[in-house]
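Student: based on what follows, work out the 3D shape:
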Amino acid sequence: MKDMLVMETQLAERGYRAVAGVDEAGRGPLAGRVYAAAVILPADVSFEAKIDDSKKLTEKKREAAFEEIIRKALSYSIAYVDEAVIDEINILNATHRAMCEAVRLLSPPADYVIIDGNSIKGLSLPHETVVGGDAKSLSIAAASILAKVSRDRYIVEQAKLYPQYGFEKHKGYGTREHLEMIRTYGPCPIHRKTFRGVREYVK
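Tutor: This next block holds a predicted model:
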């Protein structure tokens with residue numbers, strides 16, 4: 001776990017005392033919100049749960065990690081941008097907006113931010129982007145879990161409103177079954193109308 005705290009330790013040596021890791025969940029799906037989370041961890045943090053890129057963990061392990069992260073974090077926040085705004089400003093801009101909002105909501109606030117990915121717009125705090133950051137930074141990995149679990153919980157609730165699409169199984173991603181349901185029933189209110197696989201069926 002110490003290997004995953006190298007970046008945070010180096011930043012602490014430069015004088016930063018509240019380093020936030022930031023990641024998103026839900027850029028690729030054809031439906032629903034994009035989520036982002038920001039997490040500030042204690043310097044001496046240790047976890048019983050496995051903390052890693054959320055995509056590498058089972059749902060059960062993500063849920064266990066989620067609860068432990070929010071218990072042990074010095075500060076955390078979760079933000080989202082909905083499908084209407086995604087269609088209006090595009091998914092990249094919507095993702096950046098969600099990330100910036102997650103950072104803004106941190107209390108106590110961050111003084112430096114490390115972000116999974118290769119770009120960010122609109123963030124005024126000192127920051128850097130890290131490609132594959134959820135495999136290199138414990139803070140980013142923790143953020144990826146908070147974002148992923150939050151989005152999965154949300155989409156499972158949407159599945160109750162729109163049961164014909166099977167959202168609880170594919171979480172809105174463009175699986176063969178999901179695409180077939182869009183062809184059969186047309187898009188529902190939470191579908192991203194500008195995404196390929198959906199826009200062809202918007203009336």
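
Student: what's downstream of the longest helix along the chain, the next helix or strand?
Tutor: Longest helix in the chain by number of residues (criterion: DSSP state H): helix 138-161. Sequence order places helix 167-170 as the next helix or strand after helix 138-161, per DSSP states H and E.

Student: avg pLDDT for the very next helix or strand once past that next one?
Tutor: Next helix or strand after helix 167-170 toward the C-terminus (DSSP H and E): helix 176-185. Averaging pLDDT along helix 176-185 yields 97.

Student: can you list contacts of helix 176-185?
Tutor: The contact list for helix 176-185 (CB atoms under 8 Å, 6 or more residues apart in numbering) reads 30, 164-166, 169-170, 172, 191, 197-198, 201. In short, each C-beta sits where N, CA and C put it, glycine included.

Student: which of these lies closest to residue 39?
Tutor: residue 172 (23.7 Å; CB to CB).

Student: identify the residues contacting residue 20.
Tutor: Shown in contact with residue 20 (CB under 8 Å, 6+ apart): 38-40, 75, 103, 106, 110, 112-114, 139, 143.

Student: swap in residue 191?
Tutor: Contact analysis of residue 191 by CB under 8 Å, 6+ apart lists 30-31, 83, 182, 198.

Student: just the pLDDT for it.
Tutor: 98.

Student: distance of it from residue 102?
Tutor: 24 Å (CB to CB, to the nearest Å).

Student: re the thing from before, can you redo the contacts of residue 20 as TSV with pLDDT and secondary structure?
Tutor: Formatted as TSV, the contacts of residue 20 follow (pLDDT from 0 to 100; DSSP: H, G, I helix; E, B strand; the rest coil):
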residue	pLDDT	secondary structure
38	98	strand
39	98	strand
40	98	strand
75	98	strand
103	98	helix
106	98	coil
110	98	coil
112	98	strand
113	98	strand
114	98	strand
139	97	helix
143	97	helix
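
Student: ChimeraX command for the buried members of those residues?
Tutor: A single ChimeraX command selects the buried members of the contacts of residue 20 (16 or more other CB atoms under 10 Å):
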select :38,39,40,75,103,106,110,112,113,114,139,143
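
Student: list the contacts of the one helix or strand residue 6 maps to.
Tutor: Per DSSP H and E, residue 6 falls inside helix 6-13. Helix 6-13 is contacted from outside by 19, 21, 41, 43, 112, 114, 130, 136-139, using CB under 8 Å, 6+ apart.
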